[in-house]
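1. What shape does this take:
(2 chains)
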2 protein chains.
Amino acid sequence: MQVTNLVNGVDLDRLSGTIDAVTADPALARFEFRASNHWIDGGYSRTTIKGFYGAGQEDATRTEPFTVDADEPPVLLGENRAPNTVEYVLHALAACLSGTIVYHAAARGIALESMETTIHGDLDLHGFLGLDSNVRPGYEQIRVTIKATGDFDDNQLATLADLTRYSPVRDIVTNPVAVAVDVVRG
Amino acid sequence: MQVTNLVNGVDLDRLSGTIDAVTADPALARFEFRASNHWIDGGYSRTTIKGFYGAGQEDATRTEPFTVDADEPPVLLGENRAPNTVEYVLHALAACLSGTIVYHAAARGIALESMETTIHGDLDLHGFLGLDSNVRPGYEQIRVTIKATGDFDDNQLATLADLTRYSPVRDIVTNPVAVAVDVVRG
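-> Residues are numbered from 1 along each chain as shown, chains lettered A, B, ... in the order given. Got it, this is the predicted structure:
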């Protein structure tokens, strides 16, 4: 009989196994994620996501690629065929905050019942349009509210908020990441 | 007969109309994008995207919400039900660089035939796992290669590369964005 030590849907034995493995061999912590985007028309494009490197090897668990589309709404000259790219940033950030809380809460024995996250980002189109060099193209600020229920007291609720500092996407959005872009003739 | 002035799938008359409108009334440039995320299990969650505010009004063109899932691969204790959150960041960035080039190239009369973008992000799991406070949770760096074909000379190719500075997601990833996170009892 296999007994799985699950908290919040996280297998704690596998999580501690991962931590032990990375502690023994730090190189196992190195990951390279990848995506390929194919431009279709205007602001409409399609991204394919499949392979990545991590835990010392090329992943082989995904037999089919994921495809994810991006488009713009009509007011931004698109046709609403998919969310736009800055909406995907909100998705990535909200889901990452949620997942980060879930994993780290599990490791601390905090059991969650539900979590609902709402996220808003403010953007001034002057930046993207190049109409005002004092206005950044991206979000001016992002506001997130996470409503959690579960078996935790007020101190543990404060802990949940503090755990979001481990969120990779929170770090990516909050702090600078070096992005090297090479445009070449195809 | 309606004659549409299309370059790269971008309606130039509507684009210049947008620029004129924002120039006449700067408040029209204010957008608020939104998303809601529902946690399901472990690193698996579902984001709903529909409404946004922009161009002086609440958008009413989307009759159905978009739903976008996030999960993790097995090596990160998930079940590959969707890309993970840092892969969505790569999608958002690649699609945004592409769309930004397309719109700004259209405005400059540079006609593109195709654009294929590959993107890689390096991440050290020590940060997310909280095993080393000197390692950030997010990407250490991101590398992008954009292969473009079309009717442009080498100077215009250099212009295409320069146009990526207008990309909202490039700005969000490269420069700090203030993220306010409130965790409350649901």
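
2. could I have stretch A:65-82 exported to PDB, CA atoms only?
-> Output in PDB follows, covering the C-alpha atoms of stretch A:65-82 (Å, rounded to 0.1, in the frame of the first residue of the first chain):
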ATOM      1  CA  PRO A  65       3.300  20.800 -26.800                       C
ATOM      2  CA  PHE A  66       1.000  23.300 -25.100                       C
ATOM      3  CA  THR A  67      -0.100  26.100 -27.400                       C
ATOM      4  CA  VAL A  68      -1.100  29.500 -26.000                       C
ATOM      5  CA  ASP A  69      -2.400  32.300 -28.200                       C
ATOM      6  CA  ALA A  70      -2.200  36.100 -27.600                       C
ATOM      7  CA  ASP A  71      -4.300  38.700 -29.300                       C
ATOM      8  CA  GLU A  72      -5.700  42.200 -28.500                       C
ATOM      9  CA  PRO A  73      -9.200  43.500 -27.900                       C
ATOM     10  CA  PRO A  74     -10.800  45.700 -30.700                       C
ATOM     11  CA  VAL A  75      -9.900  48.900 -28.900                       C
ATOM     12  CA  LEU A  76      -6.200  47.800 -29.300                       C
ATOM     13  CA  LEU A  77      -6.800  46.800 -32.900                       C
ATOM     14  CA  GLY A  78      -7.200  43.100 -32.300                       C
ATOM     15  CA  GLU A  79     -10.100  40.700 -32.500                       C
ATOM     16  CA  ASN A  80     -10.300  39.200 -29.000                       C
ATOM     17  CA  ARG A  81      -9.100  35.800 -30.100                       C
ATOM     18  CA  ALA A  82      -7.100  35.400 -26.900                       C
END
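
3. Is chain B within reach of the longest helix along chain A?
-> Ranked by residue count under DSSP state H, the longest helix found in chain A is helix A:85-107. Yes - Helix A:85-107 lies within reach of chain B by C-beta under 8 Å from any C-beta of the partner chain, at A:85-104. Any C-beta I mention is one placed from the backbone N, CA and C, and that applies to glycine too.

4. One more: stretch A:156-175?
-> Yes - using C-beta under 8 Å from any C-beta, we find that stretch A:156-175 touches chain B at A:157, A:160-161, A:164-175.

5. PyMOL command to pick out the buried ones of the residues you listed?
-> The PyMOL selection below is limited to those of the residues of stretch A:156-175 next to chain B classed as buried (16 or more other C-beta atoms under 10 Å in any protein chain shown):
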select buried, chain A and resi 157+160+161+164+166+167+168+169+170+171+172+173+174
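
6. now, which of the residues of stretch A:156-175 next to chain B sits nearest A:Thr145?
-> If you rank the residues of stretch A:156-175 next to chain B by distance to A:Thr145 using C-beta to C-beta, A:Ala161 comes first, at 11.1 Å.

7. isn't the closest one right up against B:Ala180?
-> No - between A:Ala161 and B:Ala180 there is no contact under C-beta atoms under 8 Å: 11.2 Å.

8. A:Trp39: what's it in contact with?
-> Counting by C-beta atoms under 8 Å, 6 or more residues apart in numbering or on different chains, A:Trp39 makes contact with A:45, B:98-99, B:102, B:112, B:114-117.

9. ok, now with 7 Å
-> Taking C-beta atoms under 7 Å, 6 or more residues apart in numbering or on different chains, we find A:Trp39 in contact with A:45, B:98, B:102, B:114-115.
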